[in-house]
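Novice: here are the coordinates; sequence isn't available:
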């Protein structure tokens, strides 16, 4: 679980923004949103296909 230390004199909203960026980078918020409601098999298939396509594009982009 990511944690953020609030620096001396740092506004709380800036620390919250850093925490949100860390959560987005690790994909935690995405997973929480996904687990909030039941995911049908077709939605699960669509999500996995989208992730695989994205992974393939980045792999192709950086291997060439």
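Specialist: Here it is on my side, so go on. These numbers were taken from a predicted model, which means no experiment stands behind them.
Novice: Does residue 39 fall in a helix, a strand, or a coil region?
Specialist: coil (DSSP: H, G, I helix; E, B strand; the rest coil).
Novice: That should have said residue 5, apologies.
Specialist: Residue 5 is classified as coil under three-state DSSP.
Novice: Can you pull the phi and psi angles for it?
Specialist: Backbone torsions for residue 5, taken as degrees, to the nearest 10, come to phi -90, psi 130.
Novice: Can you tell me how far the residue positioned nearest the centre of the chain is from residue 54?
Specialist: By Cα atoms, centre = their mean, the chain has its centre lying nearest to residue 27, at 2.3 Å. Taking Cβ to Cβ, to the nearest Å as the measure, residue 27 and residue 54 are separated by 12 Å. Just so you know, the C-beta spots here come from the backbone N, C-alpha and C atoms, and that holds for glycine as well.
Novice: Show me where this structure dips below the pLDDT cut-off.
Specialist: 64 (pLDDT under 70).
Novice: Count the residues that sit near residue 6.
Specialist: 13 (other Cβ atoms under 10 Å).
Novice: Skip the chain neighbours and tell me the closest residue to it.
Specialist: In space, residue 6 comes closest to residue 15 once its chain neighbours are excluded; the distance is 4.6 Å by Cβ to Cβ, 6 or more residues apart in numbering.
Novice: Which of the helices or strands spans the one you found?
Specialist: Secondary structure from DSSP states H and E places residue 15 in helix 12-26.
Novice: what packs against the helix or strand following that helix?
Specialist: Per DSSP H and E, the first helix or strand lying C-terminal to helix 12-26 is helix 28-35. Using 3 or more Cβ pairs under 8 Å, 6 or more residues apart in numbering; DSSP states H and E as the contact criterion, the elements in contact with helix 28-35 are helix 12-26.
Novice: Taking helix 28-35 as reference, get the angle to the helix it packs on.
Specialist: When axes from the mean of the first three to the mean of the last three Cα atoms, to 10 degrees is applied, the directions of helix 12-26 and helix 28-35 differ by 70 degrees.
Novice: Distance check, the residue of the chain most remote from its centre against residue 3.
Specialist: In terms of distance from the mean C-alpha position of the chain, residue 9 ranks first, at 28.8 Å (Cα atoms, centre = their mean). From residue 9 across to residue 3, the span is 19 Å (Cβ to Cβ).
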